[in-house]
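Participant: 3D, please:
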Amino acid sequence: MPKLIFILYLSLSLMPAISFAIEDKGHQDVAAIVPIVEAFLQSQVGTQPEQLNVIVMPPDTRLDLPACPKLEVFLPIGSRLQGRVTVGVRCLQPSPWTIYVQAQILASIKYLVAAVPLAQGHTITERDLTVATVGLGIAPAGLMTDMAQAMGRTLATPVAAGLPIRSNLFRKDWVVHQGQVVRLLTAGAGFRISVEAKALANAGEGEWVQVKTKSGRILNGTARSGAIVEMAR
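Facilitator: Down below sits the predicted model:
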């Protein structure tokens, strides 16, 4: 099953604080905050990285905080779940307080790279690809992680050996084929015209394509599924 590879930037509006109940002893045990923050961070790495290591720096033991029966852990706005990160821990009642804890997240994923130079128009086979590892927070957008995502697809551009395989490197599936008879549609306020025409090139969904009508006129339109070309107005 394909996996989506993500670079994670989160805000409080997207990720609410998570509460943890602890025993009331009069004074807050700051050492008990460490496993709570660790569990919070592990839960927030929404993908399944190949390797994940969370290290939480213990709060200053000299902190004298009132005991809190229910702690809330949160990420400040704009926090990035990779590398060094600051995590907020707050108590709302009975005595409100907030502290910030430093942590480090080390996560990596495996992704596909070209095992050999691949030419434009090449159809991918398993021997064309190999696997590399990258930190989750620095992974480029669109990386492909599953062999099944790439098998049988055709490259729209050449790829040098060792470069990552990304989803935008492949041709779109053709919805209109060169030489195919298509329906050329023109629509406006209160009217809709459909005529036959012949496609002069291949085109994917939403791509520009030229067609030739039976009268010999060359027109431009947008390719749509079902062998349809919507004429530009």
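Participant: Now do the domain split for this structure, please.
Facilitator: Segmentation of the chain into domains, based on automatic domain parsing, reads 1-169, 174-231.
Participant: Any chance of a markdown table for the ones you listed, columns mean neighbour count and mean pLDDT?
Facilitator: Backbone N, C-alpha and C define where each C-beta goes, glycine included. Shown next, in a markdown table, are the domains of the chain (neighbours: other Cβ atoms under 10 Å; pLDDT from 0 to 100):
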| stretch | mean neighbour count | mean pLDDT |
| --- | --- | --- |
| domain 1-169 | 15 | 79 |
| domain 174-231 | 15 | 88 |
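Participant: Report the distance from the longest helix anywhere in the chain to the chain centre.
Facilitator: Under DSSP state H, the helix in the chain containing the largest number of residues is helix 33-44. Here the centre of mass of C-alpha atoms in helix 33-44, compared against the chain's by Cα atoms, centre = their mean, to the nearest Å, lies 23 Å away.
Participant: what's the following helix or strand after that helix?
Facilitator: Remark: after helix 33-44, the chain's next helix or strand is strand 51-56, criterion DSSP states H and E.
Participant: List the contacts of that next one.
Facilitator: Strand 51-56 is contacted from outside by 34, 37-38, 41-42, 45, 87, 101-108, using Cβ atoms under 8 Å, 6 or more residues apart in numbering.
Participant: Bridge partners for Cys91, pull those for me.
Facilitator: Judged by DSSP bridges, the bridge partners of Cys91 are Leu71, Trp97.
Participant: how near is the residue of the chain most remote from its centre to Val181?
Facilitator: Residue farthest from the centre of the chain, counting by Cα atoms, centre = their mean, is Ser215 at 47.3 Å. Ser215 sits 15 Å away from Val181, going by Cβ to Cβ, to the nearest Å.
Participant: and which of the contacts of strand 51-56 is nearest Gly206?
Facilitator: Distance to Gly206, by Cβ to Cβ, is smallest for Val45 among the contacts of strand 51-56, at 34.2 Å.
Participant: ok, now how distant is that closest one from Ala39?
Facilitator: 12 Å.
Participant: these two touch, right, Ala103 and Leu41?
Facilitator: Yes - the criterion here is Cβ atoms under 8 Å, and Ala103 meets it with Leu41 at 6.0 Å.
Participant: can you map out the helices along the protein?
Facilitator: Per DSSP H, the chain carries helices over the ranges 33-44, 147-150.
Participant: Show me what the last one packs onto, helices and strands only.
Facilitator: Same thing as helix 147-150. Other elements packing on helix 147-150 under the criterion 3 or more Cβ pairs under 8 Å, 6 or more residues apart in numbering; DSSP states H and E are strand 97-114.
Participant: can you check the first one too?
Facilitator: Secondary-structure packing of helix 33-44 (3+ Cβ pairs under 8 Å, 6+ apart): strand 18-21, strand 51-56, strand 70-74, strand 83-91, strand 97-114.
Participant: From Ala150, how far out is Val113?
Facilitator: Distance of Val113 to Ala150, computed by Cβ to Cβ: 11 Å.
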